[in-house]
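# What follows is a predicted protein model with its sequence.
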Amino acid sequence: MEGETFLWLIRHAPVDGVAGTIHAPDAPADLGDRAQLQALRQRLPRDSASYASPSRRTVETARALGLEPDLVGNFSEQDFGDWTGRRLDELAASGGEAYAQFWGDPAHARPPGGESFEDQVARVRHGLSRIGAGPATLVVHSGTIRAALCIALDLAPQSALRFVIDPLSLTRIDRLATGWRVVSVNQRVV
């Protein structure tokens, strides 16, 4: 890929749903934090390419930021398979050995019918490789941003899971001719 790419990665607004749930792609965003949305909107580059996961919460957040993103399936959140739509406390109580094994190695283990974080990193790597030179804004999920940081910093997947990525936070990374540069992580713009 020729030229340098400057990425503004934004985690979607909080999910408008029950906390502690592995939300499905159609879960809506809570766009009530107008001040934060306005602050982010002002920090984004003008005339940049924009992308989002096809999940409802990312699309709604992108539109609240004044973007009309291209939807990229490679930027979707990790697929939790059979656990999607279920509460974490319920899974902890009834998930059995599969649930315990998953949390014993969350970077490599796969939920029943789902994918590992390592699988997500591979997807995100492919998605990032298709973004051309220049500025780009991505409205995505915490796992997608962790995966991008894993790639940029050449980390083992389990190390990238240590990053905290809050709703409506900004992470900035650049793909340069000489490699990656991390500008900021999980920045709350006010």
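Thanks, I have it. Residues are numbered from 1 along each chain as shown.
# Can you tell me how far the spatially most central residue of the chain is from Ala62?
The centre of the chain sits closest to His141, judged by CA atoms, centre = their mean, with a distance of 2.4 Å. Going from His141 to Ala62 by CB to CB, to the nearest Å gives 12 Å. Quick note: C-beta positions are derived from backbone N, CA and C, even for glycine.
# strands paired with the strand ranked longest in the chain, and their directions?
Longest among the strand segments of the chain by residue count, using DSSP state E, is strand 179-187. When pairing is defined by DSSP bridges, strand 179-187 lines up against strand 170-176 (antiparallel).
# The partner strand - what's its average pLDDT?
For strand 170-176, the mean pLDDT works out to 98.
# Next up, the contacts around Asp79.
Listed by CB atoms under 8 Å, 6 or more residues apart in numbering, the contact set of Asp79 reads Gly114, Glu115, Asp119, Gln120.
# what residue ranges in the chain are flagged as low confidence?
Scanning the chain with the threshold set as pLDDT under 70 gives 1.
# what about the helices in it?
34-43, 56-64, 88-94, 96-104, 117-129, 142-152, 157-160 (DSSP state H).
# Tell me how many other residues crowd Asp89.
10 (other CB atoms under 10 Å).
# ok, now how distant is it from Pro14?
From Asp89 to Pro14 the distance is 19 Å (CB to CB).
# Equivalent analysis for Ser94, please.
Applying CB to CB, the value for Ser94 to Pro14 is 26 Å.
# Turn the helices of the chain into a markdown table, including distance to Asp26.
What follows is these, written out as a markdown table (distance: least, CB to CB, whole Å):
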| stretch | distance to Asp26 |
| --- | --- |
| helix 34-43 | 21 |
| helix 56-64 | 5 |
| helix 88-94 | 19 |
| helix 96-104 | 23 |
| helix 117-129 | 19 |
| helix 142-152 | 17 |
| helix 157-160 | 27 |
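# Nice, that's everything, thank you.
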